[in-house]
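> Got a sequence here, can you build the structure:
(4 chains)
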There are 4 protein chains.
Amino acid sequence: MSNTFGTLFKLTTFGESHGPAIGGVVDGCPAGLEIDFAMLRDEMQRRHIGDAATSRRELDEVEFVSGVIDGVTLGTPIAFIIRNSDIQSDDYKSLSTLFRPGHADYTYERRFGIRDPRGGGRASGRETATRVVGGAIAKMLLAKSGIAIHATLKECTTPPSDDSTGGIINCIVDGLSAGCGDPVFGKLNAQLAAAMMSIPSAIGFEVGAGFEAAKMTGSEFRDNWSEGFTTSTNHCGGIQGGISNGMPVEFRVAFHPAVTIPRPTGCIDRNGTIHAITPEGRHDRCHLPRTVVVVEAMAALVIADMALIDRII
Amino acid sequence: MSNTFGTLFKLTTFGESHGPAIGGVVDGCPAGLEIDFAMLRDEMQRRHIGDAATSRRELDEVEFVSGVIDGVTLGTPIAFIIRNSDIQSDDYKSLSTLFRPGHADYTYERRFGIRDPRGGGRASGRETATRVVGGAIAKMLLAKSGIAIHATLKECTTPPSDDSTGGIINCIVDGLSAGCGDPVFGKLNAQLAAAMMSIPSAIGFEVGAGFEAAKMTGSEFRDNWSEGFTTSTNHCGGIQGGISNGMPVEFRVAFHPAVTIPRPTGCIDRNGTIHAITPEGRHDRCHLPRTVVVVEAMAALVIADMALIDRII
Amino acid sequence: MSNTFGTLFKLTTFGESHGPAIGGVVDGCPAGLEIDFAMLRDEMQRRHIGDAATSRRELDEVEFVSGVIDGVTLGTPIAFIIRNSDIQSDDYKSLSTLFRPGHADYTYERRFGIRDPRGGGRASGRETATRVVGGAIAKMLLAKSGIAIHATLKECTTPPSDDSTGGIINCIVDGLSAGCGDPVFGKLNAQLAAAMMSIPSAIGFEVGAGFEAAKMTGSEFRDNWSEGFTTSTNHCGGIQGGISNGMPVEFRVAFHPAVTIPRPTGCIDRNGTIHAITPEGRHDRCHLPRTVVVVEAMAALVIADMALIDRII
Amino acid sequence: MSNTFGTLFKLTTFGESHGPAIGGVVDGCPAGLEIDFAMLRDEMQRRHIGDAATSRRELDEVEFVSGVIDGVTLGTPIAFIIRNSDIQSDDYKSLSTLFRPGHADYTYERRFGIRDPRGGGRASGRETATRVVGGAIAKMLLAKSGIAIHATLKECTTPPSDDSTGGIINCIVDGLSAGCGDPVFGKLNAQLAAAMMSIPSAIGFEVGAGFEAAKMTGSEFRDNWSEGFTTSTNHCGGIQGGISNGMPVEFRVAFHPAVTIPRPTGCIDRNGTIHAITPEGRHDRCHLPRTVVVVEAMAALVIADMALIDRII
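Numbering: from 1, shown residues only, chains lettered A, B, ... in the order given. This next block holds a predicted model:
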């Protein structure tokens, strides 16, 4: 677990935000897949939109170092590296002995006894770039079978002038035939939930009617049969008993606002003493626009993995 | 995956609703744990409360067949069997060639090419009894380290006379020290999400402030430091960067209403023709009260597994 | 790992030699496979041949409790139970505080802090009965694709009157097409090695020319091409680069003799004091004849798993 | 499986012999371990000894790109890259449509439908460099607990002038306390067997007395108790019931000779026609001396993983 995701189509990621590089290894991608480098570049670009004035400007050049020959996958591990450029680690030096509120500083130190204070280290949203690469390869694979994934920013209020905001991203998987997903613990919705909740700042997940379904009666909620094995509604979000039913798979992910805001805050040291600090460094006021492609990427990883297991692709 | 849950503390379950038995195997439970059989019986009883008039009345006698000697675990696999008594499979015979709306009939047949038509087979909520056994053992293990899990029914409207209703279950993990959870894909919230969404009828999951957090600003959401490494609020639900911070871990699970209701409905056959049917058999109008202990059980399995990995217990 | 074997076709086993039952769960067996109960009974019988005068006489009735309907697999976990009858645990009571030489008594106690003194507990060869059941199901699946596994006792000297002997079992997999196995750590020979060395008393494993190959020159060892993608020799045992080449897969497993012999021996207690003991209880003088089917079973589990992963079946 | 080895201490490797780079990711290494870069360099150098006149002269500069700060591990994935320099892929171009005898050319093409013809691609012994890096980190971790691993070349005849030879490598694990290893499928010897047989050219594996044990009687083979929980002999190779007993763990690995020799040979094309070819390119006549450190590396990976699982370290 931990830094590897998937059973047959696996993504292993690595890298600290301000270390030499981040990257990943896709293991289990079928051989003979043509890598669409232009599409990959577009996906990486989608992770750059948003709060342009303050965000970090990495080039995010993806270098493939294995698993691909003449642009075609070999069936062997596809490893890629993204160098971390534009690093201003000095911003964070003052924080190395302090735990910021709302961040993973304290929890990483408690978990590992040590932490990388440079830009959030492994806990930074920076690592999502590697998910986008893995997800793009998964999308290319799924596209061959007519499966497409589209996420959209559903709710995101304009952030106040000096503060941040969260939001909700909606995601739809089209073209997935019935029969994808496994019983009990291998349910498609369970895998999607794990995938989405592993994204930094994710705080809620729901399928189909989601939390609204808790207020419905059975006769309101139930998706009745219609023509051609479709249903007249899709309250279950295209998944029944953990297995896709051929309707679009639809889910939503809630994200909390970024917790680093340029206001004085109390950081705690190892002795438990609280210090007033005004954070420096660059931070997003709203990371939601750039998270849309990350949601798609994680969905693609789940679908590719389960579709391979269930031989749908 | 599929029918096994966990990495070090693993539960493998088996069984169809109306087959000879259901059961499970707990592998990785540390040796020397005393099994509290009275507590286990109470837990099983909690899965029986609720819609007493209509619900199935298995005795749910749990027979342990391995891994325990003189009531103490050996460190070897703990296998248990629950015989299926009180089976009235004739109720379902008429449905063997029809796919009910809202059920997993159609998706199982598309996934496997065959399905057990007796009482929902593997897709029935019946399998949750095996989770309660595995969860009870996990709870016993966690209790030794002062970790306790309590779920409560938060929202559940009285079901209409002939119809069903869903609801929301709230769950709190107390006593878990900081440092439980792993980076990136092994986040504690991600594991909890997968665990919860694998429960039949689960349709939404949120941690801490959850979907409400999407509407907050960063300064509203952020949990500021207080005395003794606690925080003044707990909007993050006790998890930061996927790792517990020592505050109570708190999350909610939304469940949709049962979709089998005693009203005429359209079932579809393999040719796509819809037939009007009035379901027979026994069904819950509100399964939420008996699902509370299932939520706790799955939380216990997650926490036991991650706490063993992270050497917190 | 531990008590589960395989990735897609998985066998989880449980049970102590003198506990209530042993058994297993096969997860990942494709749906629609007809269980050949007569063949299964024959396989179980093959595990009973050999040292009839002294060996334990369980009936080894295999009860399937899930995953099968009308003799056909459902794609859900196939659980089975074998009750332990004919138990004479009193034989072993005197040994509960002593560690026998050559046995796993001491290592289990050091690993778990506790052990089941009844008949070797989990470390007894008794558990191999569950492998035979899992292996039989794997064989049925492989037979549909024309893959057959045959092991034979290659070397086994007649045991001296009061003593035991080991031996070598040869195994051939016929009908496996080229392309089964995965790079680097998922090599077919590596999986077979793990499978074979997990059998009690296994102490050596070799593929094709095996240890003899260490003395050959490259020109002697190399299997040269012949007609129809066959090779004129099969020194590599049908596996190149960890992947089957279409020739028969051939390997051998060496087993050491049983270490419990009816002669005075020194057992050690927890204080390190050695006590002279003459073992009682029933023991095989040569377990090799009954181990042949266990070797086949483990080979079948490996081939079924890898063939499913590689979509050869 | 496939390109990832281990459960808690995991090594994922990637890279083709003549692609841009090879490398790996160590996930699960405990935080706070000091990386001994000089020792790592020595280990890499040990993989360079041997047939100096003909062997490839990579510099094998190991670049760490994550998981380490100021030479200390962070507990996050440790990724490393080794650039492939000194590549002369032209040597192999003529072979891209031909399958050499004794190589993995044909099996890779049958497995994946495509293969990298440059220097053996993923099937080349080149990938063992990444195992040496992972193994070196495992050794550093084990050294903190007094566990050391030493392999020696036991049998290796001088190769004839134009031909190659195989051999046997002996390996001893010192300082491993009793209690390392798990029941049934997680046996220490089973894990070691899988690890060793995954090394290119490995063709046999034995523990302790190994194949000789097959010819012994029980009274000859049995390791009798001596002072302080030691045994007077070590025929079982320090492992009983799959668990270490505190004696040195000892095993041997047999390797077949290299199959590429500078003599005319028959290569087969996709139509099954055999062509006479004299191989060019550089090849080892005896790879055994440089394989010694690879055997140690794989042993270290197994022991580190199991010792972490069993909390011996």
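> Determine the number of other residues adjacent to the one residue in the stretch 51-200 of chain A that gets nearest to chain B.
Of the residues in the stretch 51-200 of chain A, the one nearest chain B is A:A104, at a distance of 2.4 Å by CB to the nearest CB. Placement of C-beta: from N, CA and C, glycine included. The number of residues packed near A:A104 is 27, by other CB atoms under 10 Å in any protein chain shown.
> Kindly report the same for A:L142.
For A:L142, using other CB under 10 Å, the count is 22.
> same thing with A:K144?
12.
> got the contact list for it?
A:L33, A:I313 (CB atoms under 8 Å, 6 or more residues apart in numbering or on different chains).
> same question, A:S177
Counted by CB under 8 Å, 6+ apart, A:S177 has contacts A:S244, A:G246, A:I312, B:R110.
> Repeat that for A:A79.
A:G23, A:G24, A:V25, A:V26, A:F64, A:V65, A:S66, A:G67, D:F14, D:G15, D:A21, D:G23.
> and the gap between the residue of the stretch 51-200 of chain A closest to chain B and A:A123?
Relative to A:A123, A:A104 is positioned 4 Å away (criterion: CB to CB, to the nearest Å).
> Need the overlap of contacts for those two.
Shared contacts of A:A104 and A:A123, counting by CB under 8 Å, 6+ apart, come down to B:G241, B:G242.
> what residues are up against the residue in the stretch 101-250 of chain A that chain D sits nearest to?
Checking the stretch 101-250 of chain A residue by residue against chain D with CB to the nearest CB singles out A:F112 as nearest, at 3.7 Å. A:F112 is in contact with D:A31, D:G32, D:L74, D:G75, D:T76, counting by CB under 8 Å, 6+ apart.
> okay but A:A129 is in contact with A:I82, surely?
Yes. The criterion here is CB atoms under 8 Å, and A:A129 meets it with A:I82 at 5.8 Å.
> neighbour-wise, which of those two wins?
A:A129 (26 against 23).
> Correct me if wrong, but that one is in a helix.
Yes. Per DSSP: H, G, I helix; E, B strand; the rest coil, A:A129 lies within a helix segment.
> List the residues that contact it.
With contact taken as CB under 8 Å, 6+ apart, A:A129 is in contact with A:I22, A:M44, A:R47, A:E58, A:D60, A:I82.
> how close does it get to D:G237?
A:A129 is 47 Å from D:G237, by CB to CB.
> mind listing the helices for the stretch 201-313 of chain A?
Assigned by DSSP state H, counting those that start in this stretch, the helices in the stretch 201-313 of chain A fall at A:218-221, A:288-309.
> Nearest to chain D, out of these?
Among the helices of the stretch 201-313 of chain A, helix A:288-309 comes nearest to chain D, with 12.9 Å by CB to the nearest CB.
> which other helices and strands contact that closest one?
helix A:37-46, helix A:128-143, strand A:148-155, strand A:167-174, helix A:188-197, strand A:249-255 (3 or more CB pairs under 8 Å, 6 or more residues apart in numbering or on different chains; DSSP states H and E).
> pLDDT on it, on average?
On average, the pLDDT along helix A:288-309 is 97.
> what angle do it and helix A:188-197 make?
With axes from the mean of the first three to the mean of the last three CA atoms, to 10 degrees as the basis, helix A:288-309 and helix A:188-197 are set at 140 degrees to each other.
> Just give me how far helix A:288-309 sits from the chain centre.
Distance, stretch centre to chain centre, for helix A:288-309: 7 Å (CA atoms, centre = their mean, to the nearest Å).
> relative orientation of that helix and strand A:167-174 in degrees?
Angle, helix A:288-309 to strand A:167-174, by the same axes, to 10 degrees: 30 degrees.
> got the buried residues for stretch A:16-36?
Within stretch A:16-36, the residues that count as buried by 16 or more other CB atoms under 10 Å in any protein chain shown are A:16-31, A:33, A:35-36.
> Name the residues of the stretch 101-250 of chain A found near chain C, please.
Counting by CB under 8 Å from any CB of the partner chain, the stretch 101-250 of chain A comes close to chain C at A:P183.
> same thing but at 10 Å, please
Counting by CB under 10 Å from any CB of the partner chain, the residues of the stretch 101-250 of chain A close to chain C are A:D182, A:P183, A:V184, A:G186.
> Let me know how buried A:I261 is, in neighbour terms.
Applying other CB under 10 Å, I find that A:I261 has 22 neighbouring residues.
> Could you work out the most separated pair of the contacts of A:F112?
With CB to CB as the measure, no two of the contacts of A:F112 lie farther apart than D:G32 and D:T76, at 12.1 Å.
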